[in-house]
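Peer 1: Test case, fold it:
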Amino acid sequence: MIALLLPAIQAAREAARRAECSSKLRQLAIALHNYHDSCESFPASQSGIDTPGTDWTSGQIERKRVTGFVALLPFIEMQGLYDIIYDAQLHHMNGTTWEGLRTAATDNSTAGQYFQGLYNITIPILLCPSEPFYEPQAGYLGRNNYVFSQGDFPGRGDTHPNGCGANPRAIFVTWKWLGIGAISDGTSNTIAMSERCIDPGNGTNKYAFTIVQAGGSISGWGASGTSSTNASATGAQPTPTGNFNPGACYGLRGTKGNLGTLPSGASAGHRSGRRWLSGEPVYGCFNTILPPNSPICVSGSGTTDAGFLPPSSYHSGGINASLFDGSVKFITDGVNSGSSSSTGLGLCVRSGRSSFGVWGAAGSINGEEPTQLP
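Peer 2: Numbers count the residues shown, from 1 in each chain. I've put the predicted structure just below:
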């Protein structure tokens, strides 16, 4: 009798957890709209208090990498934490150097240790109840499951562009605040947020949400060069070559929860869901290129690198995602993601229909695609 009842009980519990996860995404979607009502735009996926620029050198980047979740804190009943972070951004000094929210391991001052603690704060609404690895926290790395959509675009943002240039396909990009009017595809057709599993960082390559970093068939983003798609960008920028393509990344997929074999020269990174306060895509964003629960592949070992960042979850068969109209849908792993053979700069869809099927169309804000998520 117990053997018969146990699977049913487990299924019922997971159904309840999945429903709670969906509820949290709906609450976050409402917070986005409340923010928009107050500020007349949605938050940037990554920003900070100082003005945008090109100084991303060590010791300075923390002040420019704050996640869009910080902007939402007052709208999820966490005004107090928002005020603390705001103060940290304004006043944090490392000796005589102003560093915003810098959390370098070398900063052992009282102020430095205090602000490092912000990274370790748990935000309950950012954790999916189906997630088994929300504890224990590692160092100053507060966990999170929910991430912002960057559409069907493999690039980064505006301030630190890669060879694809600035992202024209999403609301949530770096140092850019866009309003609801930018979603010409319609709020009921466009994904705002989804979920991603937390990488436990246990030194294995077992999990599909472990980040695959460069090397072998998924490498090929040059170290320098001028973007042919972003004439306004200056300085050295990575330019993707033909070796970097979705098919090569998807081919690393094993059975569910299994990464399979890494290509020669690649390494595994453990960043997914590990730092809620940081806005870089590897921590706080996803794109709609590879279908849900596919491997994550990025172009290098840094947190600013571009790549394929699918959502993932422990819900059987798919993930929850909130749309810009506030609704939440369950999207299966088998959602149509196209059959594009695009590689290199060909991945950088800048206008028109998505190359990545229904899934890509749901990510883009301005593709004019008639398709809708089922």
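
Peer 1: name the element Ser22 belongs to?
Peer 2: If you go by DSSP states H and E, Ser22 is part of helix 2-39.

Peer 1: what's next to the next helix or strand after that helix, contact-wise?
Peer 2: As assigned by DSSP H and E, the chain's next helix or strand after helix 2-39 is strand 46-47. Residues outside strand 46-47 that contact it (CB atoms under 8 Å, 6 or more residues apart in numbering) are Lys64, Arg65, Val66, Thr67, Gly68, Gly157, Val173, Thr174, Trp175, Gly279, Glu280, Gly284. Glycine gets a C-beta too; all of them are placed from N, C-alpha and C.

Peer 1: before we move on, back to that, just list what the helix holding Ser22 packs against, helices and strands only.
Peer 2: helix 69-72, strand 146-149, strand 191-195, strand 318-323, strand 328-332 (3 or more CB pairs under 8 Å, 6 or more residues apart in numbering; DSSP states H and E).

Peer 1: that older thread, can you flag which of the contacts of strand 46-47 belong to helices?
Peer 2: Members of these lying in helices (criterion: DSSP state H): Gly284.

Peer 1: filter the contacts of strand 46-47 to the buried ones?
Peer 2: Among the contacts of strand 46-47, those that count as buried by neighbour count (16 or more other CB atoms under 10 Å) are Lys64, Arg65, Val66, Thr67, Gly68, Gly157, Val173, Thr174, Trp175, Gly279, Glu280, Gly284.

Peer 1: What is the nearest of those residues to Asn189?
Peer 2: Set against Asn189, the nearest of the buried ones among the contacts of strand 46-47 by CB to CB is Val173 (19.1 Å).

Peer 1: how near is that closest one to Ser45?
Peer 2: Look at Val173 and Ser45: by CB to CB, to the nearest Å, they are 6 Å apart.

Peer 1: Now do the closest residue to Ile198 other than its chain neighbours, the pLDDT please.
Peer 2: Residue nearest to Ile198 in three dimensions, not counting chain neighbours: Gly273, with 3.4 Å by CB to CB, 6 or more residues apart in numbering. According to the prediction, Gly273 has pLDDT 87.

Peer 1: next one: the one 4 residues further on
Peer 2: Listed pLDDT for Leu277 reads 86.

Peer 1: In the stretch 151-300 of the chain, where is pLDDT below threshold?
Peer 2: 155-163, 202-208, 214-241, 255-260 (pLDDT under 70).

Peer 1: how deep is Asn287 tucked in, by neighbour count?
Peer 2: For Asn287, the neighbour count with other CB atoms under 10 Å is 27.

Peer 1: Test my guess that it contacts Cys164.
Peer 2: No. With contact defined as CB atoms under 8 Å, Asn287 and Cys164 do not form a contacting pair (11.4 Å).

Peer 1: quick one on the thing from earlier: in TSV: the helices and strands packed on helix 2-39, plus mean neighbour count and distance to Ser351.
Peer 2: Output for the helices and strands packed on helix 2-39, formatted as TSV (neighbours: other CB atoms under 10 Å; distance: least, CB to CB, whole Å):
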stretch	mean neighbour count	distance to Ser351
helix 69-72	22	28
strand 146-149	27	18
strand 191-195	27	19
strand 318-323	25	22
strand 328-332	19	24
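
Peer 1: Tell me who's in contact with the residue nearest to Ile198.
Peer 2: Glu131, Phe133, Arg143, Asn144, Asn145, Arg196, Cys197, Ile198, Asp199, Phe209, Tyr283.

Peer 1: Need the three-state assignment for it.
Peer 2: At Gly273 the chain is in coil, as set by DSSP: H, G, I helix; E, B strand; the rest coil.

Peer 1: how far away is it from Cys197?
Peer 2: Going from Gly273 to Cys197 by CB to CB gives 6 Å.

Peer 1: Show me the common contact partners of those two, please.
Peer 2: Residues touching both Gly273 and Cys197 by CB under 8 Å, 6+ apart: Glu131, Phe133, Asn145, Phe209.

Peer 1: now these in JSON lines, with secondary structure, distance to Ala88 and neighbour count?
Peer 2: What follows is the shared contacts of Gly273 and Cys197, written out as JSON lines (DSSP: H, G, I helix; E, B strand; the rest coil; distance: CB to CB, whole Å; neighbours: other CB atoms under 10 Å):
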{"residue": "Glu131", "secondary structure": "coil", "distance to Ala88": "27", "neighbour count": "20"}
{"residue": "Phe133", "secondary structure": "coil", "distance to Ala88": "27", "neighbour count": "19"}
{"residue": "Asn145", "secondary structure": "coil", "distance to Ala88": "24", "neighbour count": "29"}
{"residue": "Phe209", "secondary structure": "coil", "distance to Ala88": "29", "neighbour count": "24"}
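
Peer 1: What is the nearest of these to Ile365?
Peer 2: Nearest to Ile365 among those, with distances taken as CB to CB, is Asn145, at 23.3 Å.

Peer 1: could you pull out the strands for the stretch 151-300 of the chain?
Peer 2: With DSSP state E, counting those that start in this stretch, the ranges of strands along the stretch 151-300 of the chain come out as 191-195, 211-213, 221-222, 239-240, 267-269, 285-286, 296-298.
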